[in-house]
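[1] coordinates only, no sequence provided:
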């Protein structure tokens, strides 16, 4: 248990940097080896995460509006993931206790679930 706690704060930024370099250099739209959404392949509908890889690529190139076009929900998810990492792995001197309380809050999870399902339905009805 202690080993995992020490490994993740080091491993997380390394994985993030490697993934960032891959997404900066390679465009998921034109590379066939990037992960394809199984839900979209089977149903033809978009899941809440569809377009996230292209959105990250666009964000890394400073193209915010293009990223929003691919997946607008990324505005909610990226800050949430950063807060989760800060609250769990980088909470030195309890600076990020507030983030941990926010993420582990029952109401936050309910709101996030509602937003995710709402985004999923909306993007398939409107065709975003």
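    Yes, it's here. No experiment lies behind these values; they were computed from the predicted model shown.

[2] run a quick neighbour tally on the nearest residue to residue 37 once chain neighbours are set aside.
    Closest residue to residue 37 apart from its sequence neighbours, by CB to CB, 6 or more residues apart in numbering: residue 50 at 5.2 Å. The C-beta positions use only the backbone N, C-alpha and C, and glycine is treated the same way. Neighbour count for residue 50, taken as other CB atoms under 10 Å: 20.

[3] do residue 52 as well
    Neighbour count of residue 52, defined by other CB under 10 Å: 20.

[4] for it, which non-adjacent residue is closest in space?
    Per CB to CB, 6+ apart, closest to residue 52 is residue 71, 5.0 Å.

[5] number of nearby residues for that neighbour?
    Look at residue 71: counted by other CB under 10 Å, it has 23 neighbours.

[6] who are the neighbours in contact with it?
    Going by CB atoms under 8 Å, 6 or more residues apart in numbering, residue 71 touches 49, 50, 51, 52, 54, 55.

[7] redo those as a markdown table? Include secondary structure.
    Formatted as a markdown table, the contacts of residue 71 follow (DSSP: H, G, I helix; E, B strand; the rest coil):
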| residue | secondary structure |
| --- | --- |
| 49 | coil |
| 50 | coil |
| 51 | coil |
| 52 | helix |
| 54 | helix |
| 55 | helix |
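
[8] just these now: which is nearest residue 122?
    Comparing these against residue 122 with CB to CB picks out residue 50 as the nearest, at 12.8 Å.

[9] roughly how far does that closest one sit from residue 24?
    21 Å (CB to CB, to the nearest Å).
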